[in-house]
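J.: sequence unknown, structure follows:
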């Protein structure tokens, strides 16, 4: 079955499928690699923002606008097309994502205005959105008897990609053409991914549309969650929104903030620091913690760490900055994985991509709305004061959510007794 047949939602030919009959392991690696590489590309710009700000004469609000255009496009695409892979197949959705990511990276690399930057970032957001539900659903289908590990691999690939992006961008920016070389090299990696994706023998779509009106299945869906998964869904969405507000700061204005605290202009160092929280979040997926108090404990660690992240700037303490970033990522990773896995376990297979995409709609809004407010505040009150206020708000919100989940966990234990 060709990619074009999948995109047209045509049934597989009677002669049988052709192509590379990859093993389960190879399919797992490929699905995880696609979302990882796309998220690396989406975050290459993090250490480059100070350079772009100087070259194009952007304000702090302009930087956050470029970042937010990525997030808003991602959210819009999740709403409009988050369910597509359920109907066209996982492979076709991943190929669409890679092609869109290629276009976004090339446009961003050649941008000479804020508008062009925003359009390039918007295409990158659309690419990540197309791959998010498809990759998560593919991993779950490949590990039907181990849903927890499917969630771990999903978050490891996504958090790992976001964390690696700033570090790789900082290193590649040392090459000639600091703001373009990272994207040209990344484009080669994306183009290479198209080869195994094209050769892969596609599996049938989970929810094939009616032959008479196939395009109707691709129409935007009103977000909905089954009654059984509703409580878990909203908890995951709240934890995701809060934690991604912190990550959004790390990936937008944090490079300038970290440079002030450390008094350095090293882009590789700033890139590594910007990805610390995401990196420790990714590594936390390798930990196995089993307790009904994992979520409140993780949120408490996240809240306290974010407060210390703001204090590190006031005290000009690099050690506290690094420790707080690592601890924030660990707390977030453990809490979000637990609530994300609970949602995935309660959702029927035919709607997995749609529901996961809906969770990420709310989660990624946390990377846009609060960060835009932070960008406005930085231009009005100064970066240091705005980051301190942002840290107090996010840290306090995490501690409140930790207290609420602790009460819920305690009630659940008493009910079980």
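T.: Received, thanks. Remember, it's a predicted structure, so these values are computed and weren't measured experimentally.

J.: report pLDDT for residue 417.
T.: Looking at residue 417, its pLDDT stands at 47.

J.: just give me the residue right at the centre of the chain.
T.: With distances taken as C-alpha atoms, centre = their mean, the chain has residue 158 as the residue nearest its mean C-alpha position (5.5 Å).

J.: could you give the number of residues near residue 188?
T.: 9 (other C-beta atoms under 10 Å). Just so you know, the C-beta spots here come from the backbone N, C-alpha and C atoms, and that holds for glycine as well.

J.: for the nearest residue to residue 385 once chain neighbours are set aside, pull up the helix or strand it's in.
T.: Among residues not flanking residue 385 along the chain, residue 377 sits closest, at 8.0 Å (C-beta to C-beta, 6 or more residues apart in numbering). In this structure, residue 377 sits in helix 369-381 according to DSSP states H and E.

J.: the inter-axis angle of the helix or strand following that helix versus helix 369-381?
T.: Sequence-wise, the next helix or strand downstream of helix 369-381 (DSSP H and E) is helix 383-416. Comparing the axes of helix 383-416 and helix 369-381 via axes from the mean of the first three to the mean of the last three C-alpha atoms, to 10 degrees yields an angle of 150 degrees.

J.: which strands and helices lie in contact with helix 383-416?
T.: Of the remaining helices and strands, those touching helix 383-416 by 3 or more C-beta pairs under 8 Å, 6 or more residues apart in numbering; DSSP states H and E are helix 227-250, helix 254-262, helix 294-315, helix 369-381.

J.: how about the first one: buried residues?
T.: For helix 227-250, a neighbour-count test (16 or more other C-beta atoms under 10 Å) marks 229, 232-233, 235-250 as buried.

J.: do the same with the third one
T.: By neighbour count, with 16+ other C-beta under 10 Å as the criterion, the buried positions of helix 294-315 are 294-313.

J.: and after it, which helix or strand comes next?
T.: Trace forward from helix 294-315 with DSSP H and E and the next one is helix 318-346.

J.: what does the average pLDDT come to for whichever strand or helix holds residue 104?
T.: Per DSSP H and E: residue 104 is located in helix 90-109. For helix 90-109, mean pLDDT rounds to 91.

J.: likewise for stretch 300-309?
T.: 94.

J.: could you do stretch 26-34 as well?
T.: On average, the pLDDT along stretch 26-34 is 90.

J.: quick one: distance of it to the chain centre.
T.: Relative to the centre of its chain, stretch 26-34 is centred 16 Å away, using C-alpha atoms, centre = their mean, to the nearest Å.

J.: please apply the same query to stretch 264-279.
T.: With C-alpha atoms, centre = their mean as the basis, stretch 264-279 stands 18 Å off its chain's centre.

J.: swap in stretch 91-99?
T.: Using C-alpha atoms, centre = their mean, the mean C-alpha position of stretch 91-99 is found 17 Å from that of the whole chain.

J.: list the buried residues of it.
T.: 91-98.

J.: also stretch 114-121?
T.: Buried residues in stretch 114-121, defined by neighbour count with 16+ other C-beta under 10 Å: 114, 117-121.

J.: where's the residue nearest to residue 402 when sequence neighbours are not counted relative to residue 332, distance?
T.: Using C-beta to C-beta, 6+ apart and skipping the chain neighbours, the partner closest in space to residue 402 is residue 299 (3.6 Å). Going from residue 299 to residue 332 by C-beta to C-beta, to the nearest Å gives 8 Å.

J.: who touches both of the two?
T.: Shared contacts of residue 299 and residue 332 (C-beta atoms under 8 Å, 6 or more residues apart in numbering): residue 239.

J.: average model confidence for stretch 252-263?
T.: Averaged over stretch 252-263, pLDDT sits at 78.

J.: ugh, wrong one, stretch 312-332
T.: Averaging pLDDT along stretch 312-332 yields 89.

J.: just the residues contacting that stretch, thanks.
T.: Residues from elsewhere that reach stretch 312-332 (C-beta under 8 Å, 6+ apart): 239, 243, 246-247, 250, 257-258, 260-262, 273, 276-284, 297-306, 308-309, 311, 384, 387-388.

J.: what do you get if the cut-off is 7 Å, keeping everything else the same?
T.: Stretch 312-332 is contacted by residues 243, 246, 257-258, 261-262, 273, 276-281, 284, 298-299, 301-302, 305-306, 308-309, 311, 384, 387-388 when judged by C-beta atoms under 7 Å, 6 or more residues apart in numbering.

J.: show the model's pLDDT score for residue 351.
T.: Looking at residue 351, its pLDDT is 65.

J.: can I get the helices and strands packed on helix 383-416 in CSV with distance to residue 407?
T.: Listed next are the helices and strands packed on helix 383-416 as CSV, based on distance: least, C-beta to C-beta, whole Å:
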stretch, distance to residue 407
helix 227-250, 13
helix 254-262, 33
helix 294-315, 9
helix 369-381, 25
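
J.: what's the closest of these to residue 140?
T.: Closest to residue 140 of the helices and strands packed on helix 383-416, according to C-beta to C-beta: helix 227-250, at 14.1 Å.

J.: sweet, I'm off.
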